[in-house]
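I'd like to go over a predicted model; first the sequence, then the structure.
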Amino acid sequence: MSWFDLKGRDLIAETDWSKEEYDIAMKVTDQMKGLYYSGKEHPYLKYKTFAMLFFAGSTRTRMSFEAGMTQLGGNAQFISSNTLRLSIEDKPGAGETVADTAKAMARFCDGLGIRLLDDQVDYYGHGDLVIRKFAECAEVPVINMASDINHPCQSLTDIHTMHEKLGHVKGKKIVVSWAYSPWVRGRCSMQGTALISAMYGMDVVVANPPEFDLDPKVMQECKEIAAGSGGSFEVVHDMDKALDGATVVFPRNWYTGKRYDIGKEEELKIAERYKDWCYTAARQKKLCDPGYLLQCMPIDRGYEVESEVCDNSLSWIYDQAENRLHTQKAIMALTMGGRL
Ligand code: CP
């Protein structure tokens with residue numbers, strides 16, 4: 001494996017890149033952050049364009065990619081899917097095909113980011129399928145900016161933030177816990193963080209009520225990756241049991257495996273049985289060691305996490321949000337730039 005392997009590469013699932021490739025991305029992230037804080041110009045992607053196709057809303061992803069491309073001397077172009085004539089149904093009469101859209105877009109940009117999940121897809125896995133179709137057709141790197149399955153830019157940010165805060169992460173316990181929220185949220189961030197934490201040898205515990213198991217295929221991947229990295233992986237159905245001795249806690253809502261069959265209202269009825277699944281200050285103090293809050297945001301304060309926990313000294317959330325900027329600059333420089 002050489003440093004140059006990342007030039008031209010897509011990043012769609014966490015498992016698309018190896019741990020060694022993430023090590024490189026983290027080294028470049030540190031360099032990017034150093035340059036940012038020392039006020040040194042670093043136009044590594046001068047005159048280049050990163051096109052960002054959003055089917056769903058965003059605060060952090062959009063802003064961090066846009067700011068990142070400005071700092072790299074290029075431009076990020078925001079494109080809302082409802083301003084295109086594209087249809088992801090890919091059938092005659094529906095709209096422009098994914099293939100034609102991808103091939104045409106690639107003629108104007110040097111990299112393409114796509115966000116497609118939640119209400120914008122018809123079934124679980126649909127977002128991933130469409131993003132992969134874009135990658136197959138576009139002759140530029142395609143970066144997943146959050147699909148229904150994965151969120152690799154967030155996952156790299158999470159593992160980078162944990163390294164920054166803890167020094168080393170191997171053997172440290174991270175709990176990825178379901179939490180109640182009426183938002184009925186996707187699974188990508190939790191699945192992604194579980195995968196990358198397993199890759200780095202952490203003791204990963206996923207906690208959820210029985211109806212809310214994450215994607216079994218991803219859970220199996222976590223188990224296999226943990227077995228090879230010297231970490232461990234476990235799924236438990238009791239939040240308090242899971243939190244026992246946790247170094248890091250990622251509490252967030254996600255939907256059941258039936259979300260696209262039963263609809264949001266039925267989902268909510270199931271979720272309401274578990275309103276006590278909230279990461280509270282009492283749980284943090286009583287059970288964790290010390291239970292740093294890692295949460296990719298947006299947070300449903302008061303439901304997913306007690307507000308006090310978002311704001312106390314164990315909360316990493318704003319540093320974590322900022323790190324999106326530095327990690328994504330590294331991803332773009334490595335995939336869209338590369339050796340001169
Ligand atoms: N964490 C994250 O992806 O945030 P946004 O939805 O605001 O982009």
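Perfect, I can see it now.

If you drop the residues flanking it in sequence, what lies closest to the most centrally placed residue in the chain?
Nearest to the geometric centre of the chain sits residue 151, at 2.7 Å (CA atoms, centre = their mean). What sits nearest to residue 151 in space, not counting adjacent residues and going by CB to CB, 6 or more residues apart in numbering, is residue 188, at 4.0 Å. Yep, even glycine has a C-beta here, placed from its N, CA and C like the rest.

Surely that neighbour and residue 153 touch.
No - contact criterion CB atoms under 8 Å: residue 188 and residue 153 do not qualify, at 10.5 Å.

who's more crowded, the two?
residue 188 (29 against 24; other CB atoms under 10 Å).

what sits in contact with each of residue 188 and residue 153?
residue 146 (CB atoms under 8 Å, 6 or more residues apart in numbering).

shouldn't residue 75 be in contact with residue 52?
No - if you go by CB under 8 Å, residue 75 and residue 52 don't touch, sitting 10.7 Å apart.

More neighbours: which of those two?
For residue 75 versus residue 52, neighbours defined as other CB under 10 Å are more numerous around residue 52 (23 against 16).

so that one sits in a helix?
No - assessed with DSSP: H, G, I helix; E, B strand; the rest coil, residue 52 is strand; it does not lie in a helix.

what sits against residue 296?
Under the criterion of CB under 8 Å, 6+ apart, the contact partners of residue 296 comprise 60, 151, 154, 157, 158, 189, 193, 250, 252, 320, 321.

Now with 7 Å, please.
Going by CB atoms under 7 Å, 6 or more residues apart in numbering, residue 296 touches 154, 158, 189, 320.

closest to the ligand among those?
Relative to the ligand, the closest of the contacts of residue 296 is residue 154; by CB to the nearest ligand atom it sits at 5.3 Å.

Can you pull the phi/psi pair for the closest one?
The phi and psi values for residue 154, taken as degrees, to the nearest 10, are phi -70, psi -40.

before we move on, what about residue 111?
The phi and psi values for residue 111, taken as degrees, to the nearest 10, are phi -160, psi 150.

Pairing-wise in the sheet, spell out the partners of it.
Judged by DSSP bridges, the bridge partners of residue 111 are residue 50.

Surely it is in contact with residue 50?
Yes - counting by CB atoms under 7 Å, residue 50 is a contact partner of residue 111 at 4.6 Å.

the helices in the stretch 201-340 of the chain, which residues?
Along the stretch 201-340 of the chain, counting by DSSP state H, counting those that start in this stretch, helices occupy 216-229, 239-243, 259-271, 281-287, 307-311, 317-332.

tilt between the longest one and strand 49-54?
Think helix 317-332. Interaxial angle, helix 317-332 versus strand 49-54 (axes from the mean of the first three to the mean of the last three CA atoms, to 10 degrees): 130 degrees.

elements contacting helix 317-332?
Identification of packing neighbours for helix 317-332 by 3 or more CB pairs under 7 Å, 6 or more residues apart in numbering; DSSP states H and E yields helix 19-38, helix 60-71, helix 152-166.

Spell out which parts of the stretch 201-340 of the chain neighbour the ligand.
296, 297, 298 (CB under 6 Å from any ligand atom).
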